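Asks: sequence-free structure coming up:
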């Protein structure tokens, strides 16, 4: 029964992984990747590692994939981009797949043929108690450093997102590539005036028209 379940979940993981790289739509690839994560979680359960299975579903299939789908929807990829494929990619992929299959076959054969048997029937590596014990005893300092780094990253992201350019009280913003009415510079000019002055700043316009400019930095108290 366990062998059948292992073959089922392993086949689902391999099929979903192939679908990730075979799909042309990035959203379908993300959904296929969720299938890979869920299949791996099922395999973790079969290996008596419920904590790893829960983390696999909550963190990867949940939070990480929500972020990936959000980025895909934000980019709004509607049309497929046609790219020229290099000729050596297919043979290289086939060769790497053959090497991976050979490694898996060697490992499985070596485990079955090895005379050394691990102590006990089931390892407690993936159990919640063993992970919690190691996390808050041996690896307590790296765990706290990681939490501080994550907190600093969150605070930094919020600071960068909320940062606004503050101007002094007497500062003026000079718009670029804008046409302003002449009465904005000189209130004495009638509103229906069509006189055009080409300049980059209001100070240049005031100098061209001979209008006293009270906004210059040298003329302010």
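Replies: Happy to help now that I have it. Please read these numbers as outputs of a predicted model, since none were measured by experiment.
Asks: please count neighbours and contacts with C-alpha atoms only from this point.
Replies: Noted.
Asks: tell me the contacts of residue 30?
Replies: Residues near residue 30 by C-alpha atoms under 8 Å, 6 or more residues apart in numbering: 20, 65, 68, 69.
Asks: lowest-confidence helix or strand of the protein?
Replies: helix 182-185 (a mean of 64; mean pLDDT, DSSP states H and E).
Asks: which elements pack onto the longest helix seen in the chain?
Replies: Ranked by residue count under DSSP state H, the longest helix found in the chain is helix 89-113. On a contact count with 3 or more C-alpha pairs under 8 Å, 6 or more residues apart in numbering; DSSP states H and E, helix 89-113 meets no helix or strand.
Asks: next SSE after it?
Replies: For helix 89-113, the following helix or strand on the C-terminal side (DSSP states H and E) is helix 128-135.
Asks: elements contacting that next one?
Replies: Looks like helix 128-135 contacts no helix or strand (3+ C-alpha pairs under 8 Å, 6+ apart).
Asks: ok, then the element right after that helix?
Replies: helix 140-162.
Asks: hmm, who's touching that next one?
Replies: 134, 135, 136.
Asks: out of these, grab the one that's most surrounded.
Replies: Per-residue neighbour counts (other C-alpha atoms under 10 Å) across the contacts of helix 140-162 peak at residue 135, which has 15 neighbours.
Asks: before we move on, the earlier item: buried residues of the longest helix of the chain, list them for me.
Replies: Of the residues in helix 89-113, none has enough neighbours to count as buried (16 or more other C-alpha atoms under 10 Å).
Asks: pLDDT on that helix, on average?
Replies: Averaged across helix 89-113, pLDDT comes to 79.
Asks: swap in stretch 61-79?
Replies: The model assigns stretch 61-79 a mean pLDDT of 77.
Asks: I'd like the contacts of helix 140-162 as CSV, with distance to residue 57 appended.
Replies: Listed next are the contacts of helix 140-162 as CSV, based on distance: C-alpha to C-alpha, whole Å:
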residue, distance to residue 57
134, 22
135, 20
136, 23
